[in-house]
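Student: Turn this into a structure:
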Amino acid sequence: MRSFDFAPLHRATVGFDQIADMMDRVLTNDSQPSYPPYNIEKLNDDSYRISIAVAGFADSDLTVEVKEKSLVVAGRKAEEKADRAYLHRGIATRAFERRFHLADHIRVTGAAHENGMLHIELQREVPEALKPRRIEIASAPVSQPDVVDAKTVN
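Tutor: This is a model prediction of the structure:
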């Protein structure tokens, strides 16, 4: 994999260190966990849904938290009875923790667990002060140029 040096970006910009740090984090982190699988859907311009496959987990085994602009989803399965003897165990119920970095003004509005899927609803809520607004342009009154009489200038 290619390695990128972001030092020139840090030297030439002010206030964009979050973007550079995020790009650096994404490009250097090759070992992203693949369990559990998930989807991210864009429902409309300001609504999103993260769906995570959590087959075998009960509601009480799952936690969804927002910490410092990160959504943290974790699953911890309680210890099973030792009296079961599996001939084949293909359903993974191992503990997991998934982190999603949230952009500014993204709020988690709810979570639902149904049919082995955990659905997390997200909403972008931009404050009024940051929304674009139209500025009315006022016309300046047209002024007549001063007429100077050539006879009085002498």
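
Student: From now on I want contacts and neighbour counts done on CA atoms only, so please keep to that.
Tutor: Will do.

Student: From residue 134, how far out is residue 140?
Tutor: 19 Å (CA to CA, to the nearest Å).

Student: do residue 59 as well
Tutor: Residue 59 sits 47 Å away from residue 134, going by CA to CA.

Student: So which of these two has more stuff around it?
Tutor: When neighbours are counted by other CA atoms under 10 Å, residue 59 and residue 134 differ, and residue 59 comes out ahead with 12 against 5.

Student: Can you tell me the closest non-neighbouring residue to the more buried one?
Tutor: Excluding the flanking residues, the one nearest residue 59 by CA to CA, 6 or more residues apart in numbering is residue 113, at 6.8 Å.

Student: I figured that neighbour hits residue 64, correct?
Tutor: No. With contact defined as CA atoms under 8 Å, residue 113 does not reach residue 64; the gap is 11.3 Å.

Student: Where does the prediction get shaky in this structure?
Tutor: The chain contains residues with pLDDT under 70 at 1-32, 144-154.

Student: count of residues packed around the residue nearest to residue 59?
Tutor: Residues near residue 113, counting by other CA under 10 Å: 17.

Student: ok, now residue 110?
Tutor: 12.
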